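Enquirer: Need coordinates for the following:
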Amino acid sequence: MTTTTKKLYSLARTCAAILAGNALLAFAVAAFIIPHDIIMGGTTGLAIVLARVIPAETATIVLALNTALLVLGGLVLGRKLVTTTLASTLLYPLLLALMERIPGIGTVTSDPLMASLFGGGLMGASLGVVMRVGSSTGGMDIASLVLHKWTHVPVSVCVYVMDILVIGGQAIFSSAEPILYALVLLVLQSLVLDRVMILGLAQIQLFAVTQRYEELRRRILTELEAGATMVEIQTGALQQQQKGVLCVIPRRKLYAATELIQSVDPTAFITITQVKEVRGRGFTLERAVRDLDEEG
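Expert: Below is the predicted model of the structure:
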């Protein structure tokens, strides 16, 4: 694959992810959030509050807020921010307006709890899809970055402050039950977002301590077709210098890997850990293959 082809593929993948993520977010808001008056953060939550006093559609208010925040971000934070968030800033309100016009979209469910569950799950998935390609949905994220630059307060704190203000504004018009639904939505959104961000990237890491480390290394490379890293260690009880074998594999190879290690040394000490993301040779880059017969 040539460099130009790779760039075009990367651009197409990014555009598709931004489009799909914003479409999924717009559907979640139109089908589950707005019809059931579920409290949420971001510019959409702020727009829901303003729609009670401004005679305009929620999508129109979201577009106005996103545009104003984009201009503010460009002035305070620079042009780079504008280019990375422009697509979502304009695309999401347009898709939300289209989704709201779908007949019966607000009657997908009559249960507010189901709406908060599905809404939170879909919102988390949509944000994860967009963030995986290095983009963002803009909106209140920009306001948080601006507040951080002006006050030097950590960005995470700024995000919490913004969400509290927006949710607090909606809570004024709500009873206790919608607030509980909002908490369900926010928790599920965070959980799904975290899972989508590492989807397909999480791997299993094995670390084996055995005196037959050289045989284990060779069999991992040849039979398991996985990489192996040798780590210099000292045993605790006998204080002997030897090597441990570190191996990162997909989940589907876990059983085969543990069986292989125990066949080499039934007394081997093994630790198994899940790592959230793995990059580099053998994973995001092609695996280097060497003829081990040369070692004799």
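Enquirer: show me where pLDDT drops low in the protein?
Expert: Scanning the chain with the threshold set as pLDDT under 70 gives 1, 80-84, 134-136, 138, 154-160, 200-201, 281-296.
Enquirer: For the most centrally placed residue in it, which non-adjacent residue is closest in space?
Expert: Nearest residue to the geometric centre of the chain (CA atoms, centre = their mean): Met197, 2.4 Å. Using CB to CB, 6 or more residues apart in numbering and skipping the chain neighbours, the partner closest in space to Met197 is Gly128 (5.1 Å). In short, each C-beta sits where N, CA and C put it, glycine included.
Enquirer: Roughly how far does that neighbour sit from Thr89?
Expert: Per CB to CB, to the nearest Å, Gly128 is found 19 Å from Thr89.
Enquirer: Going along the chain, name the helices of the stretch 1-150 of the chain.
Expert: 3-28, 42-50, 58-77, 79-100, 112-132, 140-151 (DSSP state H, counting those that start in this stretch).
Enquirer: Would you tell me which of those helices gets closest to Glu259?
Expert: Glu259 lies closest, by CB to CB, to one member of these: helix 112-132, at 33.8 Å.
Enquirer: Give me the angle between the closest one and helix 79-100.
Expert: On the basis of axes from the mean of the first three to the mean of the last three CA atoms, to 10 degrees, helix 112-132 is oriented at 150 degrees to helix 79-100.
Enquirer: circling back to that earlier point, could the helices of the stretch 1-150 of the chain go into a markdown table alongside mean neighbour count and distance to Thr235?
Expert: Formatted as a markdown table, the helices of the stretch 1-150 of the chain follow (neighbours: other CB atoms under 10 Å; distance: least, CB to CB, whole Å):
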| stretch | mean neighbour count | distance to Thr235 |
| --- | --- | --- |
| helix 3-28 | 16 | 46 |
| helix 42-50 | 24 | 54 |
| helix 58-77 | 19 | 53 |
| helix 79-100 | 18 | 50 |
| helix 112-132 | 22 | 42 |
| helix 140-151 | 19 | 48 |
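Enquirer: Relative to Leu183, which of the ones you listed is closest?
Expert: Nearest of the helices of the stretch 1-150 of the chain (CB to CB): helix 112-132, 8.7 Å.
Enquirer: is it true that Thr258 touches Ile270?
Expert: Yes - counting by CB atoms under 8 Å, Thr258 touches Ile270, with 6.7 Å between them.
Enquirer: what do these two both touch?
Expert: Leu206 (CB atoms under 8 Å, 6 or more residues apart in numbering).
Enquirer: Quick check, Glu232 in contact with Val245.
Expert: No - using CB under 8 Å, Glu232 makes no contact with Val245, being 11.7 Å away.
Enquirer: neighbour count winner among these two?
Expert: A direct count of neighbours by other CB atoms under 10 Å for Glu232 and Val245 places Val245 higher, at 25 against 8.
Enquirer: which non-adjacent residue is nearest Ala28?
Expert: Leu122 (3.7 Å).
Enquirer: quick one: contacts for the one you found?
Expert: Leu122 neighbours (CB under 8 Å, 6+ apart): Leu24, Leu25, Phe27, Ala28, Phe32.
Enquirer: From Met140, how far out is the second one?
Expert: Which is Leu25. 14 Å.
Enquirer: Contact partners for the nearest residue to Gly41 once chain neighbours are set aside?
Expert: In this structure, Gly41 finds its nearest non-sequential neighbour in Asp163, 3.9 Å apart by CB to CB, 6+ apart. Residues near Asp163 by CB under 8 Å, 6+ apart: Gly41, Gly42, Met140.
Enquirer: name the element Asp163 belongs to?
Expert: helix 155-171 (DSSP states H and E).
Enquirer: Just the endpoints, please. Distance across stretch 187-207?
Expert: This stretch, stretch 187-207, spans 34 Å end to end (CA to CA, to the nearest Å).
Enquirer: Residues in contact with it: which ones?
Expert: Stretch 187-207 has contacts (CB under 8 Å, 6+ apart) with 116-117, 120-121, 123-125, 127-129, 131-132, 231, 244-251, 253-254, 257-258, 261, 270-279, 283.
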